[in-house]
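In: Here is a sequence with its predicted model. Questions after.
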Amino acid sequence: MVVFEEDVGIISYVNPHEGFIGVVKQRYSDFIVREVSLNTTRPCCIDSIEFVSTVNHDIISKEHVSCDEYKLKLIELIGEENVEKLILLQDNGLRQENDEMSVEQQVILPPEQDKSRRTQVHHVIRELFSNLQSEMLIDTESSSIKQILVSRKASNSDSRKRASDDQVLSGKERVRKHARTERDSDRFNRLFGDEQDWKNGYVHAVLAKVNVDTTDAISRLSRLLHIGVKYIGHAGTKDKRAVTYQRISVKGLHGAKLAALNQHLRDMRIGNIDASPSKKGLQLGQLYGNRFTIVLRHLAVQNESGHEQCVSEVVSNAIQQVEANGFVNYFGLQRFGAGAVPTHEVGIKVLQGDFKEAIRYILTPLDPSIDNPEMVLYEERKNTIFALTSYLNGSISASECLEKLQHSRNLERYVLEHYSKDGRANDHATAFKCIPKNMRKMYLHSVQSYLWNRMASFRLNQNRISAQFGDLVFVEKCGIENGTDSAVEDGVVDTEKEIEEIEKNDDLKHSVHVVTEEEEKKKVYGIEKVVLPMIGYGTEFPKGELGVFVENLMKEHGFDLRIKTSITDEYGLKGSYRRLIAFPKNVEYEIKSYKTEDEKVVTTELETLLDSVESKTNGMDKNCAEQEDNDRALQTLEPIHSESEIDDAKLEIKHALVVSFTLKAAQYATMFLRELTKHDSSVAAQKLLQSKTHGAPRA
């Protein structure tokens, strides 16, 4: 199902200016997001990926720690002869992988009774020898005799030889100590003496990434650091299909180890690492907002008679009006999911108590070939669509569907695993509860967002100048003022936890005031002061025509979020408030020319930090552009030739708008662009725009 803006209540505009054509997100690097912290006005950037310590060493990033320092430390602990054996073991091991030669694969160090010295040996070996591992041996006859066994890290061939290795250790018990998270994370700390400061504190840094969503990035970091994701904090979730910069914090980790991760990261870099630990980590919502730099390609302007006009004049006028008067603070299309059925429709069924239909909506697969029969789908995607469709029409059982379903479809698996159990095929309410709670809440919060959008459009059709009778206005600072309002936006996609933090604020109700008839006559409050509720059982309700409109809207759908029911209570639908009009800050723009779709219009420092930047980022962006070309060709049924095959001199000069602006947290970049261009922000609408762009406008 193709979802357009009007389907989720996005209809009105604030400004009367003429719009223009501009295609968004042709390349990942066309959409850049830099987080702005609460305590600074400077957007996130990376000046350096090195770690500079103020404690014991100037630079102690792993790749800059001298191997001689580790070697001297190890000689002090086990003697020079044994160190040479370990060096030989590592070298032989490396040669064995290449030459398949049979060589000595382990070294047993002399007995050591001092536990602290054994611990130091383990730590230094891990740092000095990348392909060696150490473990403790205890003599089975005399448990007081403890030695350290050093061996190569197991490869596939090594694991087959492990049984024969154990025969060599007759009379000794192998004691492998599986490193705990805390111990593994302390390896740097123990070597550099400032262990307690780092262990008890948080290291803060900037994470830069391209085409990676924040959840996936945090998961990757946690695996590499061998720590739980709960120890890695961030202020907000950034969009995947973009280049993004944001602050992160890691608990109990030395800054040097964080810097060392860069050699293992693809499409991500960590930099601007604080020189000393902080007492507090980052939490969701702890940001002022985001600085966006967005490229709109295929820039063009046409008036009602179809004639081209001067792009620069139209763009300049549009930016001046939006900067002065703001834009409608709608919840963008991302808030309503990218599935076959919008998330708010699932939520409505849940509020109605119709869990059977809600589950059917959730399991309905998105088949893009329905709207575009010429589109070619991956085999795995086709199999998933076929399996889910077959289950929904009763052709196969839940168990059979599970067998055919790709493993990445976790949401569907939660439900199908429940249905596959005996006697539960019709237990739809429990099936819904098998979905993780934060995902279930997403469906219900999107209902609140849908109602908000519908209220906003209705309200702006009445009076766009000042507050009127029955409106709600803020009379003091509250959640939305400091950037903790709940929403989802481009580049900043909120989580249900962020919404929970808003709804914990018991003072929200006392921060709004209902406008009286006298205040309306005197125009006491401007339109910029008006707020609309994310309707819940703890929010104030608007009066007058707007109140009647939304009350009838909820009645039409068979629920009332103002009433505290078992469902609204279970999912904490207390509600919050959101400003009707949002204002961009520090808007800057420039019109640039380009010839090919894979030509970069803007660049960032991340590109210079990534290894083989040209092959990585260009490759990804080129693939992105080629996919867009394929989509356009399929839609227009006309062949599109690769621009690399065309003589550069014959290429037509095109124009792009590069616009930079700052938005507070929970405000949508796409809604700003929508107001600016006066065009639908949906993917389908953008592709249609792309297919219709012809020629080059006058700049």
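Out: Everything's here; your move.
In: which stretches of the stretch 151-300 of the chain form helices?
Out: 156-168, 181-185, 187-192, 195-199, 214-225, 255-260 (DSSP state H, counting those that start in this stretch).
In: so for the longest one, what's the average pLDDT?
Out: Throughout helix 156-168, pLDDT has a mean value of 45.
In: swap in stretch 582-589?
Out: Stretch 582-589 comes out at a mean pLDDT of 96.
In: buried set for whichever strand or helix holds residue 546?
Out: Here residue 546, judged by DSSP states H and E, is contained in helix 544-557. Across helix 544-557, burial judged by 16 or more other Cβ atoms under 10 Å covers 544, 546-547, 550, 553-554, 557. In this view, the C-beta of every residue, glycine as well, is placed from N, C-alpha and C.
In: can you redo those residues as a markdown table with distance to residue 130 and pLDDT?
Out: Shown next, in a markdown table, are these (distance: Cβ to Cβ, whole Å; pLDDT from 0 to 100):
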| residue | distance to residue 130 | pLDDT |
| --- | --- | --- |
| 544 | 70 | 92 |
| 546 | 65 | 95 |
| 547 | 67 | 95 |
| 550 | 62 | 95 |
| 553 | 62 | 96 |
| 554 | 62 | 97 |
| 557 | 60 | 95 |
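In: Low-confidence regions, the stretch 201-350 of the chain specifically.
Out: 302-309 (pLDDT under 70).
In: And the strands in it, which stretches?
Out: Here the stretch 201-350 of the chain has its strands, by DSSP state E, counting those that start in this stretch, at 202-210, 232-234, 243-251, 268-271, 289-300, 327-328.
In: in its sheet, what does the second one sit against?
Out: The pairing partners recorded for strand 232-234 under DSSP bridges are strand 243-251 (antiparallel).
In: Any regions of the stretch 1-150 of the chain where pLDDT drops low?
Out: Under the criterion pLDDT under 70, the flagged ranges of the stretch 1-150 of the chain are 1, 53-70, 91-104, 139-144.
In: Likewise for the stretch 351-500 of the chain?
Out: 406-409, 476-500.
In: Strands along that one, start to end?
Out: When assigned using DSSP E, counting those that start in this stretch, the strands of the stretch 351-500 of the chain occupy the ranges 472-474, 488-489, 492-493.
In: on contacts alone, who are the packing partners of the first one?
Out: Using 3 or more Cβ pairs under 8 Å, 6 or more residues apart in numbering; DSSP states H and E as the contact criterion, the elements in contact with strand 472-474 are strand 512-514, strand 530-534, strand 576-579.
In: in its sheet, what does it sit against?
Out: strand 512-514 (antiparallel), strand 530-534 (antiparallel).
In: worst average pLDDT in the ones you listed?
Out: Of all these, strand 512-514 carries the lowest average pLDDT, namely a mean of 92.
In: just to revisit the earlier point, a markdown table for the strands of the stretch 201-350 of the chain, including mean neighbour count?
Out: Compiled in a markdown table, the strands of the stretch 201-350 of the chain are given as follows (neighbours: other Cβ atoms under 10 Å):
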| stretch | mean neighbour count |
| --- | --- |
| strand 202-210 | 24 |
| strand 232-234 | 21 |
| strand 243-251 | 25 |
| strand 268-271 | 23 |
| strand 289-300 | 24 |
| strand 327-328 | 24 |
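In: Throw those strands into JSON lines and include distance to residue 336, thanks.
Out: Formatted as JSON lines, these follow (distance: least, Cβ to Cβ, whole Å):
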{"stretch": "strand 202-210", "distance to residue 336": "25"}
{"stretch": "strand 232-234", "distance to residue 336": "24"}
{"stretch": "strand 243-251", "distance to residue 336": "22"}
{"stretch": "strand 268-271", "distance to residue 336": "29"}
{"stretch": "strand 289-300", "distance to residue 336": "21"}
{"stretch": "strand 327-328", "distance to residue 336": "16"}
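In: Looking at these, spot the one closest to residue 593.
Out: strand 289-300 (9.6 Å; Cβ to Cβ).
In: and that closest one, how far from the chain's centre?
Out: Here strand 289-300 is found 19 Å from its chain centre; the criterion is Cα atoms, centre = their mean, to the nearest Å.
In: got the CA coordinates for it in PDB?
Out: C-alpha atoms of strand 289-300 as PDB (Å, rounded to 0.1, in the frame of the first residue of the first chain):
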ATOM      1  CA  GLY A 289      18.200  19.300  18.100                       C
ATOM      2  CA  ASN A 290      20.000  18.600  14.800                       C
ATOM      3  CA  ARG A 291      21.800  20.500  12.100                       C
ATOM      4  CA  PHE A 292      20.700  19.300   8.600                       C
ATOM      5  CA  THR A 293      22.500  19.700   5.300                       C
ATOM      6  CA  ILE A 294      20.300  18.400   2.500                       C
ATOM      7  CA  VAL A 295      20.700  18.300  -1.300                       C
ATOM      8  CA  LEU A 296      17.600  18.700  -3.500                       C
ATOM      9  CA  ARG A 297      18.600  17.600  -7.000                       C
ATOM     10  CA  HIS A 298      16.800  18.200 -10.300                       C
ATOM     11  CA  LEU A 299      16.000  21.700  -9.200                       C
ATOM     12  CA  ALA A 300      13.200  23.300 -11.300                       C
END
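In: For that strand, name the packing helices and strands.
Out: Using 3+ Cβ pairs under 8 Å, 6+ apart, strand 289-300 sits against strand 21-24, strand 31-36, helix 311-325, strand 585-594, strand 654-664, helix 669-677.
In: Would you mind listing the buried residues in the third one?
Out: Under the neighbour-count criterion of 16+ other Cβ under 10 Å, helix 311-325 has 311-312, 314-315, 318-319, 321-323, 325 buried.
In: Can you give the contact residues for it?
Out: Taking Cβ atoms under 8 Å, 6 or more residues apart in numbering as the criterion, the residues outside helix 311-325 that touch it are 14-20, 299-301, 581, 583-584, 587, 589, 591, 655, 657, 659, 672, 675-677, 697-699.
In: again with the second one
Out: Outside strand 31-36, the residues within contact range by Cβ under 8 Å, 6+ apart are 24-25, 42-45, 235-236, 238-239, 241-247, 287-295, 490-492, 602, 604, 662, 669.
In: residues near residue 457, how many?
Out: A count of nearby residues for residue 457, using other Cβ atoms under 10 Å, gives 16.
In: mind checking how far it is from residue 107?
Out: 74 Å (Cβ to Cβ, to the nearest Å).
In: Residue 299 now?
Out: Taking Cβ to Cβ, one finds residue 299 at 67 Å from residue 107.
In: How about residue 202?
Out: In terms of Cβ to Cβ, residue 202 sits 38 Å off from residue 107.
In: For residue 470, the count of nearby residues, please.
Out: Residue 470: 19 neighbours (other Cβ under 10 Å).
In: Can we start the residue count at 34 from this point?
Out: With the count now opening at 34, the last piece we talked about shows up as residue 503.
In: List phi and psi for it.
Out: Main-chain dihedrals, residue 503, degrees, to the nearest 10: phi 90, psi -10.
In: Quick check, residue 416 in contact with residue 437.
Out: Yes - using Cβ atoms under 8 Å, residue 416 makes contact with residue 437 at a distance of 6.2 Å.
In: Out of the helices and strands packed on strand 322-333, flag the one nearest residue 114.
Out: strand 64-69 (53.2 Å).
In: tilt between that closest one and strand 322-333?
Out: Relative orientation of strand 64-69 versus strand 322-333 (axes from the mean of the first three to the mean of the last three Cα atoms, to 10 degrees): 160 degrees.
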